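> my questions are about this predicted structure, shown below with the sequence.
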Amino acid sequence: MARRRLLWKLYPTYILLILLCTIGVGGYAFRSVKAFYYSRVAPDLEARARLIQREFAADFETATPAELDALAKSLGPASRTRVTIIGPAGVVLGDSGKAPATMDNHADRPEVIQARASGLGQSVRHSGTLRADMMYVALAEGGGKGGVVRVAIPLTEVQDALATISKRIWLGGLVVAVLAAGISMLVARRISRPLRGMMAGAGRFAAGDLAHKVLVPDTVELAGLAEALNRMAEQLDGQIRSLTLERNEREAILSSMIEGVMAVDRDQRVMSLNQAAASLLEVDRSGSEGRDLQEVARNVLLQRFVARVLEDGGTQEGEIVLHDGTERYVLVRGTSLLDVDARRIGALIVLHDVTRMRRLENVRRDFVANVSHELRTPVTAIQGFVETLREGALSDPDRARHFLGIVGSQAARLNQIIEDLLSLSRIEREAEARKLDTVSTSLEDVLHAAAADCQVTASERGVKVNLICPEELTARINPQLVEQAVANLVDNAVKNSESDAEVAVEAEGDSAGVVIRVRDHGCGIPAEHLPRIFERFYRVDKARSRKLGGTGLGLAIVKHIALAHGGRVTVESTPGEGSVFSIHLPIL
């Protein structure tokens, strides 16, 4: 249905009312004037009729029709009326305008009937004889049983006067109607103008401009409406600000959470999810809301978990595995999502990535197993040889010295493991407490000291250690720890190199910091071992490592020394060609 402006609803109504009032008033005025004219003409005509009746009173019963007709024709022009003499039977005996013989019987004429009944009859009608509207007045003779004297005058002058008056009435009514229409247009515009202003203000409210104020008109009703609109805008502005603040706080909380949070409705359509959940599920957050869970998370275990929460309600908990190139372990908690009326409208799912925790648990288990194994080996050897000595080996000095030497070697190895563990623990504590003591020192001195620590082992294996470091290169470090880290790398490189091989210790600086590299040309490390090479007690070749006398903690110590300095350690290795271990130290 087409909509129209209020102006064009009010204005036609006003025009219709004006037209109805004009027509009604004009018609009433015309009828009143007509009745007034007729009321003035009728008594005058009655007076003439009575005068003429007196003229006929003496001769009415004795005169012949011809005499009556002659008398009527003489009195008619004199009285400026039409005079008609009607016999008792309704036959016209005389008429001032027509020959009686040519006229119809007048017994059925309204004024004649009325005169015979009451002595006086009156009517206004069209005369077929004269072909004009006439006013008739009839007076009965002899109590209504005799003849009737009827006089009549044409209403032409009256009708002409009424026509003139009618034109003036309708012309005046038209002028008044036009003026009223103009005034109605002004009134309608005055009524609709404030409403248009309120409509424009409501449009600005709908567009979000709630600070706008609608002008308050001087009309009580419209003023109340405008004030109500302004109050509504103020309340909406306050509520929207409150809701926006709550939403922003909720979004900030959800965005800052490391746990993924996802809400789904009863049809398993995603209502909302935070960035952590989008990252876990590897989906676009903005494009996920409103979509089915099966489209967003293509994980059967998660879909079944959500379906169970929606079906059973309450709080559910489980663990799923996400495959995104690597396995990610996710702890999932779900509970019913309720509306303000405590009706279930969906489910709230919390996803917590416990992959690192699982890996740490694995590392812890491996660490405990490795520590137990590493400690058990020398302890078992010591216990075995001590038992052998108790059983009589002490009586053989050569065997006793040999066994005591083995016991001492295993004790030293045990002590070395304990020292490395204590050193690693101390480094971790200092790094966590940020209590690492650093000084600006020459790297060449530190690297030279580390190479010197390994010189004996290198000489025994026939390996040459080359040092390449600019003399002016300095760094803010803990010299003892960096020396220990480099010495561990050089010791490993020497032990894994063949005779007459070379181990290079290089250092260089750039805008990011300092890089120390230890390069060897040994057997290399297979690629599958590189991600775990810096774990405690992790060994690529366990038999070879024990043969070379390592504790399995050297590279772990190197890693944590680098981390304590805010740096990192990397490795590049090719089996059969050698390895390059690099310590990256930032500028402190």
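Thanks, I have the structure now. Being a predicted model, the structure only gives us computed values, none of them experimental.
> pretty sure Leu585 sits in a strand.
Yes - the assignment for Leu585 is a strand, going by DSSP: H, G, I helix; E, B strand; the rest coil.
> quick check: mean pLDDT across the helix or strand harbouring Ser423?
Applying DSSP states H and E as the criterion places Ser423 in helix 397-433. Helix 397-433 shows a mean pLDDT of 72.
> ditto for stretch 464-480
Here the average pLDDT along stretch 464-480 is 88.
> identify all contacting residues around it.
The set of residues external to stretch 464-480 that reach it, using C-beta atoms under 8 Å, 6 or more residues apart in numbering, is 436-449, 451, 454-455, 458, 490, 494, 500-509, 513-514, 564-565, 585, 587-588. The way it works is simple: take the backbone N, C-alpha and C, and place the C-beta from them, glycine included.
> and those residues, which of them are buried?
436, 442-444, 446-447, 449, 451, 454, 458, 490, 494, 501, 503-507, 509, 513-514, 564-565, 585 (16 or more other C-beta atoms under 10 Å).
> let's see which of those end up in strands.
Judged by DSSP state E, strands contain the following of those: 442, 503-507, 509, 513-514, 585.
> most widely separated two among those?
Using C-beta to C-beta, the two most remote members of these are Val503 and Gly513, lying 23.2 Å apart.
> roughly how far does Cys55 sit from Val41?
If you look again at residue 55, you'll see it is Glu, not Cys. In this view, Glu55 and Val41 are 21 Å apart by C-beta to C-beta, to the nearest Å.
> related to what we said a few turns ago, okay if I get the ones in strands among the buried ones among the contacts of stretch 464-480 as a markdown table plus distance to Phe537?
Output for these, formatted as a markdown table (distance: C-beta to C-beta, whole Å):
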| residue | distance to Phe537 |
| --- | --- |
| Ser442 | 34 |
| Val503 | 24 |
| Ala504 | 28 |
| Val505 | 26 |
| Glu506 | 29 |
| Ala507 | 29 |
| Gly509 | 34 |
| Gly513 | 30 |
| Val514 | 29 |
| Leu585 | 26 |
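> for those residues, which one is nearest Ala211?
Closest to Ala211, out of all of these and judged by C-beta to C-beta, is Gly513, at 54.0 Å.
> need the contact list for that closest one.
Contacts of Gly513 by C-beta under 8 Å, 6+ apart are 475, 567, 584-587.
> what is the burial count for the nearest residue to it once chain neighbours are set aside?
Using C-beta to C-beta, 6 or more residues apart in numbering and skipping residues adjacent in sequence, the residue nearest Gly513 is Pro586, 4.1 Å away. When neighbours are defined as other C-beta atoms under 10 Å, Pro586 has 14 of them.
> what of Trp170?
Neighbours of Trp170 (other C-beta under 10 Å): 17.
> just Leu174 next, same as before
Around Leu174 there are 12 residues (other C-beta under 10 Å).
> immediately after the helix or strand where it lies, which helix or strand?
In this structure, Leu174 sits in helix 156-206 according to DSSP H and E. As assigned by DSSP H and E, the chain's next helix or strand after helix 156-206 is helix 220-256.
> what is that following helix packed up against?
helix 156-206, helix 275-281 (3 or more C-beta pairs under 8 Å, 6 or more residues apart in numbering; DSSP states H and E).
> what's the most buried one of these?
helix 275-281 (a mean of 20; mean count of other C-beta atoms under 10 Å).
> contacts for the helix or strand just after that one next, please.
Toward the C-terminus, helix 275-281 is succeeded by helix 285-288 as the next helix or strand (DSSP H and E). Residues outside helix 285-288 that contact it (C-beta under 8 Å, 6+ apart) are 270, 273-275, 277-278, 296.
> closest one of the residues you listed to Leu16?
Among the contacts of helix 285-288, and counting by C-beta to C-beta, the member closest to Leu16 is Val270, at 59.1 Å.
> per-residue confidence at the closest one?
85.
> and the spatially closest residue to Asp69 that is not a sequence neighbour, its phi and psi?
Spatially, and ignoring its direct neighbours in sequence, Asp69 is nearest to Gly94 (3.5 Å; C-beta to C-beta, 6+ apart). Backbone torsions of Gly94, given as degrees, to the nearest 10, read phi -160, psi 150.
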